[in-house]
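Colleague: Structure of the sequence below:
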Amino acid sequence: MSQVFAVGRGQYDNIGDIVLRRQLLDWVRPAGELHVYVGESPAGYDDGLRLAPTDRVYRSFRAWYRAALDAALAGEGRYVFKPGEIQLTLPGMKEHLSVLPLLATLRARGGRAVRAGVGTRNYAPLPRALMRPSIALSDLTLWRDVSTGAYMGSGGVMPDLAFGEGAPDEEVAGFAAPAPDRDVLVVSMRSDGVTRPWPSDAWVEGVRRHAAAHGLTPWAVTQVRDDEACTRRLAEQLGGEALTWAPETPHDVQEDRLRALYRRTSIVVSDRLHVVIAAYTEGALPAGATTRPSDKVARHLRTIGINDVTLDAGDTTADDVSRRLDEISRRRPELTARLLEARATLRRHRDQVRRVLGMPTSAAVYDLEERLAG
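Modeller: Numbering: from 1, shown residues only. Sure thing, here's the model as predicted:
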């Protein structure tokens, strides 16, 4: 029986990391016995990953790695790189360098390795060269945005895994029409514990004007714990509400709270990629925002065919911000269609990943899997 090894550990205070890992774990679980390294995860983190009773969970990286090498030597091993963003620095590339012995053993003994849904934060030549060995030893590489794919120069490109979460397709199809119960405008801005330019007064006024004109209540939300102070400040400036993240609230509970609000959201405005995507997959229209040069939200939306939905939160006017949000609001049918197309593409890549890992991809297999999941 195949044994599939995956890293479930991520940034523990970031709901987006849970969403990405959960989706990929669901993709690869049917390919064999799943071994997941989660480290010393806090309460609610593992529940957020929706780990199955049959999954083998590891707190010790050493124990997990040793089990992976044993499986590889026995010819039963499969390896799945963790999805998400990597920094092309030596610390940021730790996984891609530390697993080289495992990858070499897998290659020698007929195992498989897959990298799916990975993106980069910076684009430097030397770290790219250091990535080459792990890419060469992988059987499939799929980057999560067009810019990373072009920079790396090898492998394919897929939509971000988080587009596959949220409301089911039959509900998404209904998002093409405006709904009166979508009475919320969500805003979230990143902190990351560093000094960042604050959105201009004009930008805040423009967002507030759009909300007032469309009968929407502004809500500032915390999907990453570092952003808590920003959430409170935004809510105060917008004259709206705040969905904060108390220390005692488990990760899975916080995600449920956020998604309940996103299901009432007409439009989401954020420089947090996975705030935008999570709300978008629950029916909110996506609007990126940035206070300094960054195309992170824009390039991931561009990968699924969405352009021109990013707002400058710095040097702008209130009229321009309000006008741009109005323009995005009128694109609801188009943006809904793009989400459904992205999900169809993700399903094709899911099939591709499973084939590489040695799992049949017949309709009967998927029907059985969905019945078991439901």
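
Colleague: Longest helix in this protein, please.
Modeller: The residue-count maximum for a helix in the chain (DSSP state H) belongs to helix 332-356.

Colleague: neighbours of the closest residue to Ala284 other than its chain neighbours, just the number please.
Modeller: Using Cβ to Cβ, 6 or more residues apart in numbering and skipping the chain neighbours, the partner closest in space to Ala284 is Thr265 (3.8 Å). The way it works is simple: take the backbone N, C-alpha and C, and place the C-beta from them, glycine included. With neighbours defined by other Cβ atoms under 10 Å, the count for Thr265 comes to 24.

Colleague: let's have the chain start at 15 instead
Modeller: Noted, 15 is the first residue going forward, which turns the last one into Thr279.

Colleague: which residues does Thr279 contact?
Modeller: 196, 198-200, 233, 293, 296-298 (Cβ atoms under 8 Å, 6 or more residues apart in numbering).

Colleague: Arg36 and Arg64 touch, don't they?
Modeller: Yes - applying Cβ atoms under 8 Å, one finds Arg36 in contact with Arg64, separated by 5.6 Å.

Colleague: From the neighbour counts alone, determine which of the two ranks first.
Modeller: Neighbour tally, Arg36 and Arg64, criterion other Cβ under 10 Å: the higher count belongs to Arg36, 20 against 16.

Colleague: Who wins on neighbours among the contacts of Thr279?
Modeller: Counting by other Cβ under 10 Å, Ala293 has the largest number of neighbours within the contacts of Thr279, with 31 neighbours.

Colleague: Mind telling me what element that residue is part of?
Modeller: helix 287-294 (DSSP states H and E).

Colleague: Could you check how far that helix is from the centre of its chain?
Modeller: Relative to the chain's own centre, helix 287-294 is displaced by 8 Å; criterion: Cα atoms, centre = their mean, to the nearest Å.

Colleague: repeat for stretch 164-174
Modeller: Put simply, stretch 164-174 sits 16 Å off its chain's centre (Cα atoms, centre = their mean).

Colleague: For it, what does the pLDDT average out to?
Modeller: When pLDDT is averaged over stretch 164-174, the result is 92.

Colleague: Any chance you could list what contacts that stretch?
Modeller: Under the contact criterion Cβ under 8 Å, 6+ apart, stretch 164-174 has outside partners 34, 129-131, 133-134, 137, 142, 145, 149, 154-160, 162-163, 287, 291, 314, 317-318, 356, 359-360, 363.

Colleague: which parts of the longest helix of the chain are buried?
Modeller: Under the neighbour-count criterion of 16 or more other Cβ atoms under 10 Å, helix 346-370 has 346, 349-350, 352-353, 356-357, 359-360, 363-364, 366-368, 370 buried.

Colleague: tell me how far it is from the chain's mean position?
Modeller: When distances are taken as Cα atoms, centre = their mean, helix 346-370 is centred 14 Å away from the chain's centroid.

Colleague: angle of it against helix 287-294?
Modeller: Angular relation of helix 346-370 and helix 287-294 on a 0 to 180 degree scale: 110 degrees, by axes from the mean of the first three to the mean of the last three Cα atoms, to 10 degrees.

Colleague: re earlier: buried among the contacts of stretch 164-174? Need that as a selection in ChimeraX.
Modeller: In ChimeraX, this line selects whichever of the contacts of stretch 164-174 come out buried by 16+ other Cβ under 10 Å:
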select :34,129,130,131,133,134,145,149,154,155,156,157,158,159,162,163,287,291,314,317,318,356,359,360,363
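
Colleague: Kindly state the beta-bridge partners for the closest residue to Phe95 other than its chain neighbours.
Modeller: When the adjacent residues along the chain are set aside, Phe95 lies closest to Arg129, with 4.1 Å between them (Cβ to Cβ, 6+ apart). Arg129 has these beta-bridge partners by DSSP bridges: Thr155.

Colleague: So Arg129 sits against Arg158, correct?
Modeller: No - with contact defined as Cβ under 8 Å, Arg129 does not reach Arg158; the gap is 10.2 Å.

Colleague: Find the nearest non-adjacent residue to the residue located most distally from the centre of the chain, please.
Modeller: Distance from the C-alpha centroid of the chain, by Cα atoms, centre = their mean, peaks at Ala88 (33.5 Å). Taking Cβ to Cβ, 6+ apart as the measure, Ala88 lies nearest to Arg123, with 7.5 Å between them; neighbours along the chain are not counted.
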